[in-house]
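Enquirer: have a look; sequence and predicted model below, questions after that.
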Amino acid sequence: MSLLRLAATNLRRNLLRSLLTIAGVSVAVVTFLMLRTVIWAWNAAADEAVPDRVVTRHKVTFIMTLPHRYLDDIRQTAGVREATAANWFGGKEPNHPNEFFQALAVDPETWFTVYPEMVIPEEDLADWKTDRQGMITGDVIAGKFGWKKGDTVTLESNIFEGEWQFHVSGFYTPTKRSVDRNTVMFHWAYFNEQSPGKEQVGWIISRTQGDPNEVGRRIDRMFDERDIQTVSQDEATFQRSWLAGFSAIIYAINIVSVVILLIMMMILGNTVAMGVRERIPEYGVLRAIGFLPRHLVALVVGEAVVLGLLGGLLGLGLAYPIVQEGIGRWLEENVQGFFPYFDISPGNAVLAVLLAIGLAVLASALPALQASRLGVVDALRRVG
Amino acid sequence: MIPLSYNLRSIVVRRTTSAAAVIGIALVVFVLASTLMLSAGIRDTLSRNGGVDSVVVIRKGSDNELSSIIDQNKVGTILSAPGVARSDGDIPIGTGEIAMIVQLAPTGNPLGLTNVQMRGVDPTVLQKIRPRFRIVEGRMMAPGTDEAIVGRAIEGQFEHLAVGDTIEPKKNLPLKVVGTFEDGGSSLESELWADIDTTRAAFGRQGIVSSVRARLDDPSSFAAFEMTVESDKNLGLEAMTETEWSDKQSQFLSIFVTALGVIISFFFAIGAIIGAMITMYASIANRQQEIGTLRAIGFRRRHVLLSFILESVLLALTGGVLGCLAALGMSFVKFSILNFVTFSQMVFKFHATPSVFGVALVFTVGMGVLGGLLPAMRAARMSPVEAMRN
């Protein structure tokens, strides 16, 4: 008990140094949490993917389309409960050409059955299904453009020519935070009338029974001998294959996370080593009055652990306002496509504090060893 | 002024703590310099795509070649515009090209599909439009055949993408890889090229091109060329020099990498400054008698202040130089990343430039000054008598 008190009192002896060390550790923890959260948020969409959903697209390239009849063929496939299709429209709002949003031409009868995480009031859904030019929009993008139910809206496309008129039939609300709130959906039939490539869909999404990968393979086998081959992936794999393009960045971020931990260890180790060097005479006295080498180790390591713990907790406390509320909210509003939500996960929070403590132990190992190996007489000789 | 050798010796005497501060700063500078190098590499690679004397024409409003569609019939009209260079037979030097994306499996990961840019080109005019184009392995593809050549940067990075291999982007339409090309280090080296007619047939794109490329007889002819091509509203086209085009393609990626690097370096720097401060405070606490003596023999407060700030800067610069040297080692690393604008994978290098290291070293000096300022002020404020009594 008295040893613990001694460890705590030691921290107050050079208060400035202790405070600087705690500040250094906390900055490292904030940075570490920021980097971990980038990776975590990047994977969030894939982690929240619905396991029974299978995406089927053109085997060669995502920019080419599939014949619309493939949708009916897939609906007949064993293991497919429901299927729907979408086309990428490349929508632009003429007055806000730099504002990015997803605009999709979809099958109104089945779309929201396949995507139940988008909820629409019954009445709006009915209105939408009966209006060929109707569209359902996300609340965030509708708010940005000031769209209200019943408005007539003109959109342009960076792929298809002309001006396209739509009526706002209603808004969807997401049941999960990972759902994009900047999407616009309208009738495939209306799109098909005006677009140059007739009777084409961009990709087909099915809800399946049983093993989704087996159903996906069945779909691909069916089209293997046809004019256009397909590749089917479950939703999580589909999302991850998109993320794979950024694997080099994720790898770099992981390396940088390790570097920040090394810097943290450097700061902690430096402080502990300085403390030990200054207190050699005291260690001599402690040893002389009967404390054993392991007590000295406990003293040094204990001091480091307190520093690591305080720095870790302070860093965690700072990370919530800085990383989650500051950077995170900004990213969610501006690049929702990449980061549907940007929260510090409980796992990462615990990991950061544990690492701060663990690295404190590691950083103090060498100084602690030095302290424990001191000859009593040698150490005492330095007492003035 | 207190001689610098005093500070140098002090740093050497306190090796362990000095080393801790130096390594901390070296790590920060390494990360900063590496991101700046990558960002410079992205700009460098994409700026190597042609120059001011070659032009790209795409459909008006398209952000990339993929979404651009131009009728084959319009190619002749575009190439007859004023300013286009002509060969001996008075034939305009230019061609339509078709851009596609194919999904290929990276080497060692047959299930992971990655997007690779494919381009249908006219082998007969290739060299005239891209003077730096050169076959480095194998041979050039023969016009009108199912042969393909692959850019040096992605050769071997994907399954079946080495010379002698056959890839099958579409069933029963195999492409034989017969050569590897380079193009002065440009982003085209991340592409797969095949004959334009073969490509169009394979993808059902007969009668259209994605872009038209042409050489100008002189860079100053661009204005006239642009006027002619863009003034015809029926054509609905947009003309740019290759330089302007590649800027548009690289802007977003380069800003993204720089922003990420700067944010990370900012937080890192705070950590390193704190580390330097701890070292400097300790160093000053141990040298009270020395400081007292210096004051007693006539050095003024400002001399002491300057001396300790310089010591901190020296400490930081040692770390900074080490960090820059480590970052230089990154020049040998290839970095493959998805370009958001073209939707395809591109390979970049870390590009070392004098300005990268200039910025990194200025940043280092800044860290040194900030880390040393408060401790130096404490040293300067000490009363000589008090200090010597300790």
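Expert: Nice, thanks for sending it over. It should be emphasised that the depicted structure is a prediction, and the values quoted were computed from it without experimental measurement.
Enquirer: please make it C-alpha for all contacts and neighbour counts, starting now.
Expert: Noted.
Enquirer: low-confidence regions, the stretch 201-350 of chain A specifically.
Expert: Residue ranges of the stretch 201-350 of chain A with pLDDT under 70: A:334-338, A:340.
Enquirer: and the residue of it that's closest to chain B?
Expert: residue A:245 (4.8 Å; C-alpha to the nearest C-alpha).
Enquirer: mind saving the C-alpha coords of the host helix or strand of residue A:238 as CSV?
Expert: Taking DSSP states H and E as the definition, residue A:238 sits inside helix A:235-243. The C-alpha trace of helix A:235-243 is given here as CSV (Å, rounded to 0.1, in the frame of the first residue of the first chain):
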residue,chain,number,x,y,z
GLU,A,235,-23.6,-8.0,-50.5
ALA,A,236,-20.7,-8.0,-48.1
THR,A,237,-18.3,-9.4,-50.7
PHE,A,238,-19.6,-6.9,-53.2
GLN,A,239,-18.9,-4.1,-50.8
ARG,A,240,-15.5,-5.4,-49.9
SER,A,241,-14.4,-5.8,-53.5
TRP,A,242,-15.1,-2.1,-53.9
LEU,A,243,-13.1,-1.4,-50.7
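Enquirer: right, and the helix or strand after it?
Expert: That would be, after helix A:235-243 and using DSSP H and E, helix A:247-278.
Enquirer: can that following helix be said to contact chain B?
Expert: Yes - Helix A:247-278 reaches chain B (C-alpha under 8 Å from any C-alpha of the partner chain) through A:247-249, A:256, A:259-260, A:263-264, A:266-267, A:270-271, A:274.
Enquirer: can you give me the offset of that helix from its chain's centre?
Expert: Averaging C-alpha positions (C-alpha atoms, centre = their mean, to the nearest Å) puts helix A:247-278 24 Å from its chain's average.
Enquirer: angle of it against helix A:235-243?
Expert: If you take axes from the mean of the first three to the mean of the last three C-alpha atoms, to 10 degrees, helix A:247-278 sits at 80 degrees to helix A:235-243.
Enquirer: list the helices and strands helix A:247-278 packs on?
Expert: Where contact means 3 or more C-alpha pairs under 8 Å, 6 or more residues apart in numbering or on different chains; DSSP states H and E, helix A:247-278 is packed against helix A:15-47, helix A:293-319, helix A:346-373, helix B:15-47, helix B:242-286, strand B:334-339.
Enquirer: list the contacts for residue 224?
Expert: Using chain A here. Residues counted as contacts of residue A:224 (C-alpha atoms under 8 Å, 6 or more residues apart in numbering or on different chains) are residue A:230.
Enquirer: you looked at the wrong chain, it should be chain B
Expert: Under the criterion of C-alpha under 8 Å, 6+ apart, the contact list for residue B:224 reads B:82-83.
Enquirer: ok, back up a step: the residue of the stretch 201-350 of chain A closest to chain B contacts residue B:346, doesn't it?
Expert: No - with contacts counted by C-alpha atoms under 8 Å, residue A:245 stays clear of residue B:346, the gap being 9.3 Å.
Enquirer: who touches both of those two?
Expert: Residues touching both residue A:245 and residue B:346 (C-alpha under 8 Å, 6+ apart): B:336-338.
Enquirer: let's have those in CSV, adding distance to residue B:22.
Expert: Converted to CSV, the shared contacts of residue A:245 and residue B:346 look like this (distance: C-alpha to C-alpha, whole Å):
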residue, distance to residue B:22
B:336, 32
B:337, 32
B:338, 35
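Enquirer: got CSV for these, with distance to chain A, pLDDT and neighbour count too?
Expert: Converted to CSV, the shared contacts of residue A:245 and residue B:346 look like this (distance: C-alpha to the nearest C-alpha, whole Å; pLDDT from 0 to 100; neighbours: other C-alpha atoms under 10 Å in any protein chain shown):
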residue, distance to chain A, pLDDT, neighbour count
B:336, 6, 79, 20
B:337, 6, 78, 18
B:338, 5, 76, 23
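Enquirer: my guess is residue B:52 contacts residue B:215, does it?
Expert: No - using C-alpha under 8 Å, residue B:52 is not in contact with residue B:215; the gap is 9.3 Å.
Enquirer: measure residue A:53 to chain B for me?
Expert: Between residue A:53 and chain B the computed distance is 18 Å (C-alpha to the nearest C-alpha, to the nearest Å).
Enquirer: for the residue nearest to that residue when sequence neighbours are not counted, list each beta-bridge partner.
Expert: Among residues not flanking residue A:53 along the chain, residue A:207 sits closest, at 4.6 Å (C-alpha to C-alpha, 6 or more residues apart in numbering or on different chains). Taking DSSP bridges as the rule, residue A:207 bridges to residue A:53, residue A:82.
Enquirer: residue B:98: what's it in contact with?
Expert: Contact analysis of residue B:98 by C-alpha under 8 Å, 6+ apart lists B:119-121, B:196, B:199-200, B:208-211.
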